[in-house]
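**Q** kindly return the folded structure for what I paste below:
(chains A and B)
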Amino acid sequence: MVQEDKLLDARGLNCPLPILRTKKALGEMNAGQVLKIVATDPGAVKDFEAFSKQTKNPLLDQAEAGGEFVFFIQKA
Amino acid sequence: MDEKKLAIVATKGTLDWGYPPFILASTAAALGYSVEIFFTFYGLQLLKKDLGHLRVSPLGNPAMPMPVPMPTLMMVLPGMEGMATSMMKSKMKAKGVASLEELRELCVEAEVRMIACQMTVDLFEFDTADFIDGIELGGAAAFFEFAGESDITLFI
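**A** Numbering: from 1, shown residues only, chains lettered A, B, ... in the order given. Okay, the predicted model is just below:
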């Protein structure tokens, strides 16, 4: 499993807040650092893939467990 | 890489229709787009400092989900609009949907450019002092200056 430098709790938040909070969190990080996001919005799965592709911040890993979605995004 | 651009015309001033412009603008900004929203006609309501006056009406809106089926004639009764509005607000809160004020604030933070249509501001006698800070006034030509070089243009 990837080791994160920062954790963003986006549980209970709905579109587009998880993405907007992620963008903000990445802005406060250094290149190469990894942000772990925990979300409960099922739409987040497609959204984080799209966010990663368009912003060129690699989505290193993602997982789902017990209704929670976890994403690891590395700041480009 | 050239920056992508999104131009939006926001024409609606109800609680439900206030969402699409601010959701799309804030998300596009997060994706790296440069964004401009042109507010005209009832969309100008979305620029007021206090958005507490925005409402949603079940009248003339047969697609609106209701807790129990209701004949259209009932929708004109006093209090129906207020009830629909508070129901939608509490549902949004319960589902973790951001408030319009929050989404708009995120747009402002992300430097989304907001332009109020001068003609409709004058037509409806809006006081621009009631608008949030940073709003520019402009006309159709000002919109096309940005829209003409945009990758995406939406009329909402």
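**Q** could you pull out the helices for chain B?
**A** Applying DSSP state H to chain B gives helices spanning B:19-30, B:80-94, B:100-109, B:118-123, B:140-147.
**Q** which stretch among those helices is buried most, on average?
**A** Among the helices of chain B, ranked by average contacts under mean count of other CB atoms under 10 Å in any protein chain shown, first place goes to helix B:19-30 (a mean of 23). For the C-beta atoms, the positions are set from N, CA and C on the backbone; glycine is no exception.
**Q** quick revisit: for the helices of chain B, give me JSON lines that also has distance to residue B:68 and mean pLDDT.
**A** Listed next are the helices of chain B as JSON lines, based on distance: least, CB to CB, whole Å; pLDDT from 0 to 100:
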{"stretch": "helix B:19-30", "distance to residue B:68": "25", "mean pLDDT": "97"}
{"stretch": "helix B:80-94", "distance to residue B:68": "12", "mean pLDDT": "93"}
{"stretch": "helix B:100-109", "distance to residue B:68": "27", "mean pLDDT": "95"}
{"stretch": "helix B:118-123", "distance to residue B:68": "38", "mean pLDDT": "96"}
{"stretch": "helix B:140-147", "distance to residue B:68": "43", "mean pLDDT": "93"}
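**Q** looking at the ones you listed, which is closest to residue B:132?
**A** When the helices of chain B are compared for distance to residue B:132 using CB to CB, the nearest one is helix B:100-109, at 7.1 Å.
**Q** stretch B:31-46: which residues count as buried?
**A** Residues of stretch B:31-46 classed as buried: B:31, B:33-46 (neighbour count, 16 or more other CB atoms under 10 Å in any protein chain shown).
**Q** so which of those residues are also by chain A?
**A** When CB under 8 Å from any CB of the partner chain is applied, the members of those adjacent to chain A are residue B:31.
**Q** kindly indicate which of the buried residues of stretch B:31-46 lies nearest chain A.
**A** Taking CB to the nearest CB as the measure, chain A sits nearest to residue B:31 out of those, at 4.8 Å.
**Q** tell me which parts of chain B are close to chain A?
**A** B:23, B:26-27, B:30-32, B:95-98, B:103, B:106.
**Q** how about the residue in chain A positioned nearest to chain B, phi and psi?
**A** Among all residues of chain A, residue A:23 sits closest to chain B, at 3.8 Å; criterion: CB to the nearest CB. For residue A:23, the backbone dihedrals (degrees, to the nearest 10) come out as phi -60, psi -40.
**Q** isn't it right up against residue B:30?
**A** Yes. With contact defined as CB atoms under 8 Å, residue A:23 reaches residue B:30; the gap is 3.8 Å.
**Q** distance check, residue B:143 against chain A.
**A** Between residue B:143 and chain A the distance is 24 Å, computed by CB to the nearest CB, to the nearest Å.
**Q** other residues contacting stretch B:21-37?
**A** Residues outside stretch B:21-37 that contact it (CB atoms under 8 Å, 6 or more residues apart in numbering or on different chains): A:15-16, A:19-20, A:22-23, A:51, A:54-55, B:3-10, B:43, B:46, B:100, B:103-104, B:106-107, B:110-115, B:143, B:146-147, B:150-152, B:154, B:156.
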